[in-house]
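Visitor: kindly generate the corresponding structure for this input.
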Amino acid sequence: MAEARSATKEPIVHVEDFEEGQDVKWKVAWRSWRRTMLRRFFRVRNLIKNGMWPTSLWNLGVVVALVAIVMVTDYPIMKVVNDKFWNFGEYFYIPKGPPYFLPKVIIVSCLIGVIFFIVLLFIRRYLLRLLLSYRGWLYQNPKSQSIKTLIWCILVRIVSGSTPTTFACQLSLPRLPVPSVDSTLSKFLESVEPLFTSEENERLKKEAEEFRKTIAPKLQSLLVLKSWWATNYITDWWEKYIYLMGRSPLAINSNYYTMDNGFWKPTEHQSTRAAGLCYMLMQFKRKIEHEQVVPLLIRNTIPVCMYQYERLFGTTRVPREDFDEIVHYDSSVSKHIVVLRKGIYYKLDMFDTAGQPLAPYAIEKQIEWILQDADSQQESEGARSAEGLASLTTLERTDWARKRTKYLGSGINQESLAIVEKAAFMINLETRTFEGFTERAKFLLHGDGKVIWFDKSMCLHFFPDGRYGLTAEHSWGDAPVVAHLLEYSAYEEVLGELYKDGRAGNPDSINQDKVKPPVQLHWNVTDELAKIINEAGLFAQKNNEDLDLCVRRHMDFGKGFVKSCKVSPDAFIQLALQLAYYRENSKFALTYEASMTRLYLNGRTETVRSLTKDACEFVKSMVEDNRTTEEKIRLLQNAGKVHQKLYRDCMSAEGWDRHMFALYVACKGLGYESDFLHHALTLPWTLSTSQTPQQQMVGNPTITQEHADKASPGGGFGPVSDQGYGVSYMIPEDTHFWFHVSSKKSCPTTNSDRFVDQIFTSLGEMKQLFAVQQNES
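Guide: The predicted structure is shown next:
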């Protein structure tokens with residue numbers, strides 16, 4: 001293949017298509033200085049506000065005013081306090097001239113006010129942290145809370161004070177506590193008991209006891225010590241050793257995808273949908289930078305950790321030979337996006353020359369130009385020489401790191417790569433349309449090996465029919481953060497003024513200044529690099545073909561019916577998954593369900609081990625069919641309660657998987673070996689499951705059956721084990737569920753379509769139990 005255009009080659013940009021002009025130098029300098037000052041102002045302001053929360057300047061003003069009033073008045077009841085204040089003023093040198101009285105009042109009231117304000121600040125902050133450590137509310141129904149919980153809730157609201165900014169609650173969140181070793185070991189042994197024979201369980205118990213008596217106390221002491229000084233004793237190790245040290249390709253193994261509205265779309269035009277979403281994402285980005293995103297509150301009271309939002313935009317996972325690095329770029333650098341169309345990359349600035357964000361109609365015009373320009377160059381070998389460049393990000397991480405350094409580490413390739421990695425996010429203007437949910441989801445998860453830059457925090461794909469989807473890298477944050485972003489965008493698409501007559505509008509009435517044209521990125525693709533890109537594409541294609549994915553909607557019933565059965569919808573589905581897997585394989589599987597620990601500072605996830613002894617008993621009663629309907633219902637409801645408590649325990653830092661992981665890291669770091677920890681942490685997760693949240697934002701209208709077409713089907717991920725399934729499910733409203741099931745075609749015992757059939761059959765049998773009960777009664 002011929003080399004791409006050299007660095008000296010001018011980009012093909014038709015300037016006349018845009019309102020772009022040349023400003024005099026002093027105007028450019030003034031605008032740059034103004035933007036810099038505004039950025040610094042917002043940062044300083046937010047630092048001050050966050051540092052003072054849950055107090056505010058209003059509290060300081062009130063205290064200063066009260067002290068001044070006490071000093072200038074002479075109420076007998078306040079005489080002792082008045083004298084103390086005036087005596088305090090004697091410690092400061094103030095000339096005893098005519099204005100002696102006023103300066104002394106001002107100085108004393110300000111000093112005492114500041115001292116009292118600082119004391120109040122720390123009292124309220126630590127009191128709030130203490131209050132937020134209470135977890136009793138989590139185990140109570142919101143409609144029937146105890147008096148103790150109601151009083152606690154009132155105290156939290158009083159101490160919290162004014163509405164916090166995005167990151168204001170961080171300093172008041174409790175730190176993740178370290179569970180006891182005895183608790184962790186006993187819970188772990190109980191969770192794996194259904195998987196092993198009695199001899200295997202006894203051997204594991206002996207290993208656990210030996211571990212507890214030997215090195216466990218020393219490892220535990222290290223974790224407790226770390227929990228005192230680290231913001232979170234797990235998160236940094238979790239990111240480094242679980243995500244960044246992993247050497248497997250990101251595609252399918254680490255990343256995940258989300259889909260847009262199920263059966264509704266605001267426009268049929270690809271450029272219009274892309275413009276609207278890009279505008280909303282940049283608006284959300286600015287809200288994060290200005291800390292205007294309302295922090296998520298559970299039950300409109302309890303804050304969750306928001307630190308993951310800092311890396312939502314402008315973030316890239318950079319491959320290294322030993323372990324990768326998460327690189328986040330500041331808003332002063334990450335002001336553009338990268339657009340991919342037919343193998344050609346473009347840099348698209350998202351602000352005009354005056355520093356204002358581009359309006360949707362302006363973005364639409366830019367994207368339409370890119371579509372025309374890329375289509376006009378599709379026969380140009382030079383323009384499309386880097387068409388499969390993104391396939392390099394599908395390689396194993398060490399291999400990709402070496403090739404990145406060798407081929408993209410200098411010259412024009414380094415410059416173009418920097419533009420890609422510094423982009424707020426990346427979009428792909430796809431040429432293909434996927435009618436079915438399964439086909440579209442499969443494309444969103446792994447693409448064709450050429451169109452997804454898997455290192456970017458987010459890559460959006462816009463299809464010719466107006467639909468879109470998103471591929472996300474996992475190491476920087478978890479799916480609920482992306483779900484929050486898409487929920488924010490979706491409500492604006494449905495209820496806002498983002499579109500007008502099927503085309504992009506101007507919802508904020510932006511008076512657009514001159515717009516910078518897109519800039520085509522160029523790459524120097526040598527014959528050697530072209531060969532490597534082709535091999536990487538074949539490697540990605542082979543992995544893609546091995547993925548078996550099925551996306552399907554369950555229409556028979558939804559969470560409305562499940563709640564009427566007095567069972568948690570999540571627990572109901574998890575039990576259905578256990579029943580489906582047992583029917584298919586005649587055995588149980590170690591099951592992973594993701595739960596959040598964001599009630600704690602810098603918390604991420606904890607593992608809910610859904611396979612419990614109670615779940616096994618229920619499944620066997622259904623398969624062996626040797627129990628009455630009433631007994632089966634009792635077992636189902638009891639297993640559901642156990643699962644629900646287990647899920648809440650994990651949210652309350654009473655899980656055990658992350659603690660065992662931290663013990664393992666400490667064990668290796670101190671040079672010890674533990675057969676028990678090795679065995680415990682290498683058990684394969686045959687069933688890896690997760691529920692995607694549909695709604696998180698307070699104040700948004702609840703999705704009902706009438707508007708079910710606008711709900712998102714959610715998203716999915718690849719199987720954790722090559723011999724198992726990855727199951728993601730969405731509970732959008734009361735009448736239906738969505739399931740995303742993945743597996744490997746190379747595994748002879750798995751089949752995603754067949755497993756979805758088993759899930760639906762299990763859900764139907766569980767529903768039938770209650771129908772029979774109603775008929776009998």
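
Visitor: isn't residue 723 right next to residue 746, touching?
Guide: No: in this structure residue 723 lies outside contact range of residue 746 using C-beta atoms under 8 Å: 9.7 Å. All C-beta atoms are positioned from the backbone trio N, CA, C, and that covers glycine.

Visitor: quick one: which of the two has more around it?
Guide: Shown here are residue 723 and residue 746; by other C-beta atoms under 10 Å, residue 723 has more neighbours (15 against 12).

Visitor: would you map the helices across the stretch 251-400 of the chain?
Guide: Secondary structure of the stretch 251-400 of the chain (DSSP state H, counting those that start in this stretch): helices located at 270-289, 360-376, 397-408.

Visitor: any chance of these in JSON lines, with distance to residue 89, mean neighbour count and mean pLDDT too?
Guide: Output for those, formatted as JSON lines (distance: least, C-beta to C-beta, whole Å; neighbours: other C-beta atoms under 10 Å; pLDDT from 0 to 100):
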{"stretch": "helix 270-289", "distance to residue 89": "44", "mean neighbour count": "23", "mean pLDDT": "96"}
{"stretch": "helix 360-376", "distance to residue 89": "60", "mean neighbour count": "21", "mean pLDDT": "94"}
{"stretch": "helix 397-408", "distance to residue 89": "66", "mean neighbour count": "18", "mean pLDDT": "97"}
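
Visitor: which stretches of the protein aren't confidently modelled?
Guide: Residue ranges of the chain with pLDDT under 70: 1-36, 38-40, 42, 45, 92-101, 382-383, 508, 773-777.

Visitor: longest helix anywhere in it?
Guide: Counting by DSSP state H, the longest helix found in the chain is helix 101-132.

Visitor: chain center to it, what's the gap?
Guide: On the basis of C-alpha atoms, centre = their mean, to the nearest Å, helix 101-132 sits 37 Å off its chain's mean C-alpha point.

Visitor: buried residues in that helix, which are they?
Guide: By 16 or more other C-beta atoms under 10 Å, the buried positions in helix 101-132 come out as 104-105, 108-109, 111-113, 116-117, 121, 124-125, 127-129, 131-132.

Visitor: and it, what does it pack against?
Guide: Under the contact criterion of 3 or more C-beta pairs under 8 Å, 6 or more residues apart in numbering; DSSP states H and E, helix 101-132 touches helix 57-72, helix 79-89, helix 147-160.

Visitor: ok, 10 Å please
Guide: In terms of contacts (3 or more C-beta pairs under 10 Å, 6 or more residues apart in numbering; DSSP states H and E), helix 101-132 is packed against helix 25-52, helix 57-72, helix 79-89, helix 147-160, strand 302-303.

Visitor: so which of those is nearest residue 346?
Guide: helix 25-52 (23.3 Å; C-beta to C-beta).

Visitor: from memory residue 58 sits against residue 49, does it?
Guide: No: the criterion here is C-beta atoms under 10 Å, and residue 58 misses it with residue 49 at 11.6 Å.

Visitor: what touches both of those two?
Guide: Counting by C-beta atoms under 10 Å, 6 or more residues apart in numbering, the shared contacts of residue 58 and residue 49 are residue 162.

Visitor: between those two, point out the one with more neighbours.
Guide: Taking neighbours as other C-beta under 10 Å, residue 58 and residue 49 compare with residue 49 leading, 17 against 11.

Visitor: and the closest residue to the more buried one other than its chain neighbours, how many residues sit next to it?
Guide: Of all residues not flanking residue 49 in the chain, residue 165 sits nearest, at 5.7 Å (C-beta to C-beta, 6 or more residues apart in numbering). For residue 165, the neighbour count with other C-beta under 10 Å is 19.

Visitor: doesn't residue 43 make contact with residue 165?
Guide: No: using C-beta under 10 Å, residue 165 makes no contact with residue 43, being 12.0 Å away.

Visitor: can you tell me how far residue 609 sits from residue 447?
Guide: Applying C-beta to C-beta, to the nearest Å, the value for residue 609 to residue 447 is 33 Å.

Visitor: then residue 329?
Guide: Distance, residue 329 to residue 447, using C-beta to C-beta: 24 Å.

Visitor: more neighbours, those two?
Guide: Neighbours were tallied for residue 329 and for residue 447 using other C-beta under 10 Å; the higher tally belongs to residue 447 (24 against 18).

Visitor: can you pull the contacts of that one?
Guide: Residue 447 touches 251, 257, 390-391, 394, 428, 430, 453-454, 459, 461, 471, 540, 544, counting by C-beta under 10 Å, 6+ apart.

Visitor: how about JSON lines for those, with neighbour count added?
Guide: Converted to JSON lines, those look like this (neighbours: other C-beta atoms under 10 Å):
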{"residue": "251", "neighbour count": "24"}
{"residue": "257", "neighbour count": "29"}
{"residue": "390", "neighbour count": "29"}
{"residue": "391", "neighbour count": "27"}
{"residue": "394", "neighbour count": "25"}
{"residue": "428", "neighbour count": "25"}
{"residue": "430", "neighbour count": "23"}
{"residue": "453", "neighbour count": "26"}
{"residue": "454", "neighbour count": "25"}
{"residue": "459", "neighbour count": "27"}
{"residue": "461", "neighbour count": "26"}
{"residue": "471", "neighbour count": "27"}
{"residue": "540", "neighbour count": "27"}
{"residue": "544", "neighbour count": "18"}
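
Visitor: now the residues you listed in TSV, with distance to residue 422?
Guide: Listed next are these as TSV, based on distance: C-beta to C-beta, whole Å:
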residue	distance to residue 422
251	22
257	24
390	16
391	21
394	21
428	18
430	23
453	12
454	17
459	15
461	21
471	19
540	24
544	28
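
Visitor: can you tell me which of the residues you listed is nearest residue 550?
Guide: Using C-beta to C-beta, residue 257 comes nearest to residue 550 of the contacts of residue 447, at 14.0 Å.

Visitor: returning to what we had before: quick check: which of the helices of the stretch 251-400 of the chain is nearest to residue 763?
Guide: helix 270-289 (33.6 Å).

Visitor: re the thing from before, so which of the helices and strands packed on helix 101-132 is the most packed in?
Guide: Using mean count of other C-beta atoms under 10 Å, the stretch among those with the greatest mean number of neighbours is strand 302-303 (a mean of 20).

Visitor: so what strands line up beside that strand?
Guide: Counting by DSSP bridges, the strands paired with strand 302-303 are strand 297-298 (antiparallel).

Visitor: tell me where the stretch 651-777 of the chain has helices.
Guide: 657-669, 675-681, 752-776.

Visitor: which of those has the highest mean neighbour count?
Guide: Greatest average neighbour count among the helices of the stretch 651-777 of the chain goes to helix 657-669 (a mean of 21), per mean count of other C-beta under 10 Å.

Visitor: possible to save the helices and strands packed on helix 101-132 as JSON lines with distance to residue 579?
Guide: What follows is those, written out as JSON lines (distance: least, C-beta to C-beta, whole Å):
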{"stretch": "helix 25-52", "distance to residue 579": "48"}
{"stretch": "helix 57-72", "distance to residue 579": "56"}
{"stretch": "helix 79-89", "distance to residue 579": "71"}
{"stretch": "helix 147-160", "distance to residue 579": "35"}
{"stretch": "strand 302-303", "distance to residue 579": "34"}
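
Visitor: how about the ones you listed, which one is nearest residue 273?
Guide: Closest to residue 273 of the helices and strands packed on helix 101-132, according to C-beta to C-beta: helix 25-52, at 29.4 Å.

Visitor: all the strands of the stretch 501-650 of the chain, in order from the start?
Guide: For the stretch 501-650 of the chain, applying DSSP state E, counting those that start in this stretch gives strands covering 503-504, 519-520, 547-554, 591-596, 605-608.
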